[in-house]
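Student: compute the structure for the input listed below.
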Amino acid sequence: MNNPSWLKLRNNFVIRSIGPNYFLVPLKENPFDIRFINSTGKLFWELLHKRVNLKESIELVANKYQVDKVIIKKDLINFIKQLSAGENSVFNQNRASIDIISKGTKVRIPLKVSFELTGKCNLNCFHCYAYGERKNKDLSTDQVKDLLNQLVKIGCIFINLTGGECTSRSDFVEIYKHIRKVGLIPTIISNATLIKEEVLQIFKKYPPYHIKISLYGSTSQTHDSVTRVIGSFQKTVAAATALKKAGINVWFGSVIFKETAKDFKNLKLLAKNLGIPIEFYSQLIPTLEKNASPLKHQVDFKVQQEIKRLNKDTVIPFLNRENIDQEFIGEKFFPCNAGLTSLHLDCSGNIYLCRTDRVKPISALNKGLATAWDELGKIRDSKLKIPTGCKNCPIKYNLFKDINKKIEI
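Tutor: Model (predicted):
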């Protein structure tokens with residue numbers, strides 16, 4: 001094991017920590033292939049970043065721990081081999097480990113953040129719940145980077161980039177590179193129509209965990225009738241195909257409407273032929289301005305059940321879906337992790353419990369993310385309570401426990 005191999009590793013990972021736990025996030029492979037390291041591994045990593053050569057590193061660690069150099073040399077060489085091993089590395093523990101880390105610290109940590117990089121979008125989908133966000137002014141590049149740095153400091157690991165259309169920002173590549181280089185693990189929701197060669201190349205160099213692409217029909221006629229932009233179907237399918245060919249984890253998320261219900265089986269067939277997983281959705285929500293017009297496009301109960309049956313056959317191998325029990329603490333009932341291990345950050349720098357709960361904005365720009373996160377916890381506690389009288393009613397209380405005992409986070 002020569003020095004160049006040792007020193008080369010310093011550019012392949014970013015070190016992160018939560019409480020006493022340390023892990024390395026890969027830069028040039030899927031970032032979800034995390035390597036967990038102990039305190040000795042952390043010391044090895046620090047020496048590597050100081051460009052200390054192998055021989056001197058062995059001596060320094062042996063002296064620090066008063067351990068024979070032969071043992072330290074063996075440990076260090078094993079450390080290098082395991083870091084170089086890729087996805088089969090023994091450091092790749094259970095992919096639910098991030099959630100285990102958070103539970104072990106027993107504190108609120110915003111592990112998962114959805115970040116609305118922009119309210120702007122190049123499409124005009126008739127069901128869009130966030131259409132009103134298009135009028136908002138986007139944060140500057142420096143403001144976005146500062147918020148990303150603050151997210152790292154307060155423990156964020158997974159960041160879901162959304163919009164609007166997040167790739168419509170002219171500085172998207174610069175922001176994305178910053179996300180990867182500070183050790184955040186990005187997922188992306190996109191219509192993919194704006195993924196040009198520069199964006200494709202940065203994804204190839206620094207892969208995201210996965211990209212979810214919106215697809216609404218198996219033909220231009222159907223898809224473009226939803227987006228209300230001619231040519232969007234061809235651009236979306238072409239980009240999805242290019243991303244898959246580049247080795248990026250990509251999948252389709254498809255909302256089914258009354259107007260497109262007859263097409264969704266053909267849509268599943270198209271996805272199969274493209275070799276890209278697809279998942280269907282049927283529930284629509286009012287706009288953020290409380291306009292219920294999107295609901296008129298929602299399919300009936302029969303179609304919803306058919307979609308559920310179709311989704312049972314869906315396999316998205318790279319998608320991590322971890323289930324947890326609901327929590328009962330005193331009179332508090334927590335049906336999800338919003339405000340506990342997750343938050344939403346909008347394009348103006350405000351944080352909320354989630355993407356659809358926009359009742360009370362808390363400015364992370366004015367207060368800082370750490371303070372804003374503390375305030376969000378109070379909102380969570382004030383909103384999520386078991387109704388008066390239910391706690392002492394065994395029938396209702398048990399019902400709360402039994403309904404959706406396991407939920408997706």
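Student: name all residues that make contact with residue 167.
Tutor: 188, 190, 192, 194-195, 199 (CB atoms under 8 Å, 6 or more residues apart in numbering). (Each C-beta comes from the backbone N, C-alpha and C, glycine too.)
Student: looking at those, which are in strands?
Tutor: Among the contacts of residue 167, the members falling in strands (DSSP state E) are 188, 190.
Student: show me which of the contacts of residue 167 is closest to residue 379.
Tutor: residue 188 (27.4 Å; CB to CB).
Student: my read is residue 17 is in a strand, agree?
Tutor: Yes: residue state for residue 17 (DSSP: H, G, I helix; E, B strand; the rest coil) corresponds to a strand.
Student: tell me, how many residues neighbour it?
Tutor: Using other CB atoms under 10 Å, residue 17 has 13 neighbouring residues.
Student: tell me which residues touch it, please.
Tutor: Counting by CB under 8 Å, 6+ apart, residue 17 touches residue 23.
Student: relative to residue 42, how far out is it?
Tutor: Distance of residue 17 to residue 42, given as CB to CB, to the nearest Å: 8 Å.
Student: same question for residue 336.
Tutor: Taking CB to CB, one finds residue 336 at 34 Å from residue 42.
Student: tell me which of these two has more neighbours.
Tutor: Between residue 336 and residue 42, counted using other CB under 10 Å, the more crowded position is residue 336 (18 against 15).
Student: element containing that one?
Tutor: Using DSSP states H and E, residue 336 is not contained in any helix or strand.
Student: report pLDDT for it.
Tutor: Looking at residue 336, its pLDDT reads 74.
Student: do residue 37 as well
Tutor: pLDDT recorded at residue 37 is 85.
Student: residue 153: neighbour count?
Tutor: Using other CB under 10 Å, residue 153 has 11 neighbouring residues.
Student: you'd agree it is up against residue 184?
Tutor: No: using CB atoms under 8 Å, residue 153 is not in contact with residue 184, being 11.6 Å away.
Student: separation between the closest residue to residue 133 other than its chain neighbours and residue 171?
Tutor: Nearest-residue entry for residue 133: residue 119, 3.0 Å, with adjacent residues in sequence omitted and distances by CB to CB, 6 or more residues apart in numbering. Remark: distance between residue 119 and residue 171 (CB to CB) = 15 Å.
Student: and these two? Which one has more around it.
Tutor: For the pair residue 119 and residue 171, the greater number of neighbours falls to residue 119 (22 against 15), based on other CB under 10 Å.
Student: tell me the contacts of the residue nearest to residue 69 when sequence neighbours are not counted?
Tutor: Excluding its sequence neighbours, the residue lying closest to residue 69 (CB to CB, 6+ apart) is residue 62, at 4.6 Å. Neighbour list for residue 62: 68-69, 71-72 [criterion: CB under 8 Å, 6+ apart].
Student: now the residues you listed: which count as buried?
Tutor: For these, a burial check counting by 16 or more other CB atoms under 10 Å picks out residue 72.
Student: please name the bridge partners of residue 352.
Tutor: residue 344 (DSSP bridges).
Student: what is the neighbour count of it?
Tutor: The burial count for residue 352: 22, using other CB under 10 Å.
Student: so what's it up against?
Tutor: Contacts of residue 352 (CB under 8 Å, 6+ apart): 343-344, 346, 358-362, 376.
Student: just among these, which is most surrounded?
Tutor: Neighbour count (other CB under 10 Å) singles out residue 343 as the most crowded of these, with 30 neighbours.
Student: next one: that residue, what pLDDT does it get?
Tutor: 94.
Student: who's in contact with it?
Tutor: Residues near residue 343 by CB under 8 Å, 6+ apart: 110, 113-114, 351-354, 373, 376.
Student: could I get those as TSV with pLDDT and distance to residue 29?
Tutor: Putting the contacts of residue 343 into TSV (pLDDT from 0 to 100; distance: CB to CB, whole Å) gives the following:
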residue	pLDDT	distance to residue 29
110	92	25
113	95	22
114	96	24
351	96	31
352	94	33
353	90	33
354	88	30
373	95	30
376	93	33
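Student: what is the nearest of the residues you listed to residue 245?
Tutor: Using CB to CB, the contacts of residue 343 come closest to residue 245 at residue 114, 27.7 Å.
Student: list the buried residues of whichever strand or helix holds residue 269.
Tutor: Using DSSP H and E, residue 269 maps to helix 264-274. Using 16+ other CB under 10 Å as the test for burial, helix 264-274 gives 264, 267-268, 270-271, 274.
Student: and stretch 25-41, by the same measure?
Tutor: Under the neighbour-count criterion of 16+ other CB under 10 Å, stretch 25-41 has 25-27, 30-37, 40-41 buried.
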